[in-house]
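Student: Compute the structure for the input listed below.
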Amino acid sequence: MTSPDPYRGFRFPAEIIEYAVWLYHCFGLSLHDVETILAARGVVVTYESIRDWGLRFGRLFANSPKRRRPRPGDKWFLDEVFIRIRGKQHYPWRAVDLDGHVLDILVQSRRNTKAVRRFFRKLLRGLQYVPRVIVTDKLKSYAAAKREILPSVEHRQSRYQNNRAEVSHQPTRRRELQLQTFKSPGHAQRFLSSHARIHNHFQLRRHILSAQEYRSARSDAFATWRQAAGVN
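Tutor: Residues are numbered from 1 along each chain as shown. Prediction:
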């Protein structure tokens, strides 16, 4: 039995949709920026269509690179930041590894122990292993949830050791401004999850690779991306 064509019914071919989604998630571009870049190449499409492509295909494209990634290290950095959705404060909880790759994101409306427990469970369910160390800020809810969910894991609390997680929030801030805030918690969750995975896939640690190694890693990343998108 053949799998259904995800592009069926769309006016534009897979190559254009894949390219637009890649531009939007990998660079600090707004929907209007992507629309202009495509127009310069003779492709006339509205930014609303590009938004729909990102939401519909972003997660589909992101899932395959995520499955191919090696297991992250055993030291996790966790942090939360607030965003406003329809005037109400919400918190994207985020975990990253030593290389700054995002492990998972969960958007919640609370900043308490229950929210941390829920985030820990989502992390463990997705990664299926327990870290050696977690690093957080001094929010007391982390310690309370950690005692229940991760009792054997070392917990370091410091506002200065958690820079990796804090820096990882910067794309969220930029996207929030470009999108003129998220429309709903579900919209924020879908977008940020896909954005993090796609950004991870093309974050190749260029500073520790030789030029030849970097070009090889970049070629492999593009090949995997095109395979996930169904583009030869």
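
Student: C-alpha only now, for contacts and for neighbours.
Tutor: Noted.

Student: Now for the residue nearest the centre of the chain: which residues touch it?
Tutor: Closest residue to the average C-alpha location of the chain: Ala196 at 1.2 Å, with C-alpha atoms, centre = their mean. Residues near Ala196 by C-alpha atoms under 8 Å, 6 or more residues apart in numbering: Val102, Asp104.

Student: Assumed it was part of a strand.
Tutor: No: per DSSP: H, G, I helix; E, B strand; the rest coil, Ala196 lies outside any strand segment and is helix.

Student: For Thr36, see how far away it is.
Tutor: Distance from Ala196 to Thr36, counting by C-alpha to C-alpha, to the nearest Å: 24 Å.

Student: tell me the mean pLDDT for the strand ranked longest in the chain?
Tutor: In the chain, assigned by DSSP state E, the strand with the most residues is strand 88-96. The pLDDT scores in strand 88-96 average 87.

Student: After it, which helix or strand is next? Please name it.
Tutor: Under the assignment DSSP states H and E, the closest C-terminal helix or strand after strand 88-96 is strand 102-108.

Student: So for that following strand, what gets flagged as buried?
Tutor: Going by neighbour count (16 or more other C-alpha atoms under 10 Å), the buried part of strand 102-108 is Val102, Leu103, Asp104, Ile105, Leu106, Val107, Gln108.

Student: Equivalent analysis for stretch 20-36, please.
Tutor: Residues of stretch 20-36 classed as buried by neighbour count (16+ other C-alpha under 10 Å): 20-26, 30-32, 34-36.
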